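S.K.: model this:
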Amino acid sequence: MAAENFKTFWDIEQEKTWRIFIIFAFLVGTYFVSFLVIWFLIKFYASLRSAFVTVKTKPSFFDWGILWVLLVATGIAAIHWYHSNRVVVDRILNILGAQRPDKHDKYHYIFENVVDEIQTAAGGMQVEPYILPTGAMNAFALADLSGRKIIGVTEGLLSRLRRDELQSVIAHEMAHIVSNDCLLTTVACALFGVYEEALARVPSLSQQDSDERRQRKAVAAAVISVPVFALLFVVEMLNQLLNMFISREKEYRADAAAVRLTREPVSLASALYKIAIRWRGAGYSGDRLSPIFILSPAHNLLEESEGFFAELFSTHPPITKRLQILLDLAHAEISQLTEQLQKRTVIKTETEDKKPVPGFFANKNDAWYGPFNLMQLQALDWLEPETRLRMEGAKDIITATEVPALSYFFKVRAEPIWKIKRLCPLCRQWLVVQEYEGLYLWRCAFCSGILIEKDKIPRIITRKEKGFTEQVQRIASLVRGESKKKHPGLKILLDCAHRRKCPKCGNPMVHRLYSYAYHIEIDECQKCGLVWFDENELEVLQCLTEIEDGEK
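M.R.: Modelled structure (predicted):
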């Protein structure tokens, strides 16, 4: 089977286009049947009324009125089609919370480079890269009737895959776009899947509401939920029926095409296995939009089986069969892959840096200030290349530019990110821009606190470049033990006598726990989306997630 797809994939580039017309016919049929039932009920009611007037009247259900029903159904279907497909890509990206890559993020930069490489290998087709800010592992592709094309990956996938594995996943998604399978799945999702996903996202009651307010919300939700869930049921049924037009064979063809582009069947098999054994985004990354993903966000027993009903109603083939086909191309065994990837990762341990930090005194207006370490010197807004420095315990005076680390600092200080000034909410000193896990954040050189945008946190906690000191690992173990205990009266908002001010807008920040699962105290500005971590708190949060991840 793999050999057949391998030979014919590029010859079926336009083969699936005709299925779009069948999908439109399905939409017309759906409305026609619905309106026809209403039409028959009206005719039946009219015939009953006529029977009381004259017994000679014979009910007639099949007449020219059915033609009008067909015309109305076609018109409504055309409006539905136009409205659903007009901005379907933007609508799906909005539902998923997808974002454009961050130009200051090393991982995002690699992702954009890989997309450029694959689209060049595929003939120069222009594709827009997008990122889903979640720790789940998955990838997706979108295309619309206007010619717009999207390839997206989650932060979790970007952080856990090697570069060759990422190339294989992007090649797989590019194959869907080239073959027009992607256009077919996007159109199908636009008609019912998007609405089903939107209806399913009913906001839960806030834990911060009072009991009386929660009770009022519960009553209102109960009244609204009946028609909403009824509509959701109907839309879900229609979406499942529409998925019959999406063949699971498309995944085999895309796998084969990815191997043809990258020459790395084991890399794609390894990537698929990593995605399969981890959280794929169920409950977050669009369960009802599963056809667009490389693997369904929710684990579906039907998709892991074979037979008539599996072929008819599932959009993805069994992962074990896909892996076996790929490994057969490389003459490898699936047991070798599973044994290698199921090994638990060991948390990296960093040694405590006990070396004395060189102290510098800095001269300003003929007065000496200090001592400062190198990072603290970077926080001084009056530090210039010609600023005179003197090492602690020495008499020789040098200029700041003579220190290699500071000389490099003066070069990068001209970059736009360094021009964003933020004050530490504790020390009231300027924060220093620092690279951390492939992206940039602000660190206080005096108290070691960290300021970061809230949407960057999922990226950091899924990446595993950084090691942790024994102290951080010990704190993480203690916090994890406390988090496992039952706290029925726990409030996520914490009392704070002196609320810290946001380094950007100056408003008081909310002091709370990061989550119910991880009891790390943070300060958050809900207006600016900035989060403050005290010393070691971000590292402890990362260590906690790696401990949990290693046990899965």
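
S.K.: per-domain residue ranges of the protein.
M.R.: 100-341, 347-414, 422-550 (automatic domain parsing).

S.K.: how about the strands in the stretch 101-250 of the chain?
M.R.: With strands called from DSSP state E, counting those that start in this stretch, the stretch 101-250 of the chain shows them at 128-132, 139-143, 149-154.

S.K.: what sits against the spatially most central residue of the chain?
M.R.: Most central in the chain under CA atoms, centre = their mean is L132, positioned 2.3 Å from the mean C-alpha point. When contacts are counted by CB atoms under 8 Å, 6 or more residues apart in numbering, L132 touches 96-99, 138, 152-155, 281, 285. Yep, even glycine has a C-beta here, placed from its N, CA and C like the rest.

S.K.: what helices or strands is the strand or helix carrying D255 leaning on?
M.R.: Under the criterion of DSSP states H and E, D255 resides in helix 249-262. For helix 249-262, the packing partners by 3 or more CB pairs under 8 Å, 6 or more residues apart in numbering; DSSP states H and E come out as helix 2-8, helix 163-178, helix 181-188, helix 265-276, helix 319-329.

S.K.: Apply 7 Å and report the result again.
M.R.: Where contact means 3 or more CB pairs under 7 Å, 6 or more residues apart in numbering; DSSP states H and E, helix 249-262 is packed against helix 2-8, helix 163-178, helix 265-276, helix 319-329.

S.K.: Please give the centre-to-centre distance between it and its chain.
M.R.: In terms of CA atoms, centre = their mean, to the nearest Å, the centre of helix 249-262 is set 23 Å apart from its chain centre.

S.K.: Kindly report the same for stretch 31-44.
M.R.: 43 Å.

S.K.: do stretch 452-468 as well
M.R.: Taking CA atoms, centre = their mean, one finds stretch 452-468 lying 14 Å from the centre of the chain it belongs to.

S.K.: How about stretch 246-265?
M.R.: Centroid separation for stretch 246-265 versus its chain: 23 Å, with CA atoms, centre = their mean.

S.K.: Export only the CA atoms of it, formatted as PDB.
M.R.: Extracted C-alpha coordinates of stretch 246-265, given in PDB (Å, rounded to 0.1, in the frame of the first residue of the first chain):
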ATOM      1  CA  ILE A 246     -13.100  12.600   4.300                       C
ATOM      2  CA  SER A 247     -11.100   9.500   3.600                       C
ATOM      3  CA  ARG A 248      -8.700   8.200   6.200                       C
ATOM      4  CA  GLU A 249      -6.500   7.200   3.200                       C
ATOM      5  CA  LYS A 250      -5.300  10.800   2.900                       C
ATOM      6  CA  GLU A 251      -3.100  10.200   6.000                       C
ATOM      7  CA  TYR A 252      -1.300   7.300   4.300                       C
ATOM      8  CA  ARG A 253      -0.700   9.400   1.200                       C
ATOM      9  CA  ALA A 254       0.600  12.400   3.300                       C
ATOM     10  CA  ASP A 255       2.900  10.100   5.200                       C
ATOM     11  CA  ALA A 256       4.300   8.700   2.000                       C
ATOM     12  CA  ALA A 257       4.800  12.200   0.500                       C
ATOM     13  CA  ALA A 258       6.500  13.400   3.700                       C
ATOM     14  CA  VAL A 259       9.000  10.500   3.400                       C
ATOM     15  CA  ARG A 260       9.500  11.400  -0.300                       C
ATOM     16  CA  LEU A 261      10.400  15.000   0.700                       C
ATOM     17  CA  THR A 262      12.600  14.300   3.700                       C
ATOM     18  CA  ARG A 263      13.900  10.700   3.000                       C
ATOM     19  CA  GLU A 264      13.400  10.100   6.700                       C
ATOM     20  CA  PRO A 265      10.600   7.500   7.400                       C
END
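
S.K.: In it, which residues are buried?
M.R.: Using 16 or more other CB atoms under 10 Å as the test for burial, stretch 246-265 gives 246-248, 250-262, 264-265.

S.K.: can you check stretch 271-290 too?
M.R.: For stretch 271-290, by 16+ other CB under 10 Å, it's 271-276, 278-282, 284-290.

S.K.: Run through who's touching it.
M.R.: Stretch 271-290 has contacts (CB atoms under 7 Å, 6 or more residues apart in numbering) with 92, 95-96, 132, 134, 136-138, 154, 157, 160-161, 165, 168-169, 189, 193, 196-197, 200, 239, 294-298, 315, 319, 322-323, 337-338, 341.

S.K.: Generate a ChimeraX selection restricted to the buried subset of those.
M.R.: Buried members of those, defined by 16+ other CB under 10 Å, are picked up in ChimeraX with:
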select :92,95,96,132,134,136,137,138,154,157,160,161,165,168,169,189,193,196,197,200,239,294,295,296,297,315,319,322,323,337
